[in-house]
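K.L.:
Below are the sequence and a predicted model for it; my questions follow.
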Amino acid sequence: MSDIIKTGGKDIVSLMHGKNGELTVPKPFEHEIFLFDTYVAGTSHVTGIEDLAPHLAVGDRLEFFREPENLYDNQAIVVKNADGIKIGYVPKSDNAVFSRLMDAGKLLFGKITSKEMKGKWLKLGIGIYLRD
């Protein structure tokens, strides 16, 4: 527990933590909150997806980016791998709430939960998470 020590003047107070008075600054409390299971849409439209597939694995983190200027969906969320390569989108049927959260400044990301190559179509299951 911290001790409050008055030093010198009547209005000067210093908080002392730990041994020898060193100040220990706590790290912010962060955790990942699971929100939803879905898949990556549009992988069959990504050039070179067959070459990229071997570099994607279950458990990999995926980054989400809003694309409000998308001609087909103003709530579009682009899904990219850790190297920043676009692999598809959060499905339009699932993105309404997530796009609003992102527009409000919340950090959302995905993790690959399943992977299966079906011909030229890469089927990627993902979990959507909120960093809080």
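P.N.:
The structure has been received and is ready for your questions.
K.L.:
tell me what the longest helix along the chain is packed against?
P.N.:
Taking DSSP state H as the criterion, the chain has its longest helix at helix 95-103. On a contact count with 3 or more CB pairs under 8 Å, 6 or more residues apart in numbering; DSSP states H and E, helix 95-103 meets strand 61-66, strand 77-80, strand 107-118. Where C-beta positions appear, they are placed from N, C-alpha and C, glycine not excepted.
K.L.:
in its sheet, what does the second one sit against?
P.N.:
Strands flanking strand 77-80 in the sheet, each with its direction: strand 61-66 (antiparallel), strand 86-89 (antiparallel) (DSSP bridges).
K.L.:
And the contacts of it?
P.N.:
40, 62-67, 86-90, 95, 98-99, 102, 108, 110, 126 (CB atoms under 8 Å, 6 or more residues apart in numbering).
K.L.:
buried sites along it?
P.N.:
Buried residues in strand 77-80, counted by 16 or more other CB atoms under 10 Å: 77-79.
K.L.:
Repeat that for the longest one.
P.N.:
Residues of strand 107-118 classed as buried: 108-112, 115 (neighbour count, 16+ other CB under 10 Å).
K.L.:
Show the subsequent helix or strand relative to the helix or strand of the chain with the lowest mean pLDDT.
P.N.:
Least confident helix or strand of the chain, by mean pLDDT, DSSP states H and E, is strand 13-16 with a mean of 47. Sequence-wise, the next helix or strand downstream of strand 13-16 (DSSP states H and E) is strand 32-39.
K.L.:
Distance from stretch 61-72 to the middle of the chain?
P.N.:
13 Å (CA atoms, centre = their mean, to the nearest Å).
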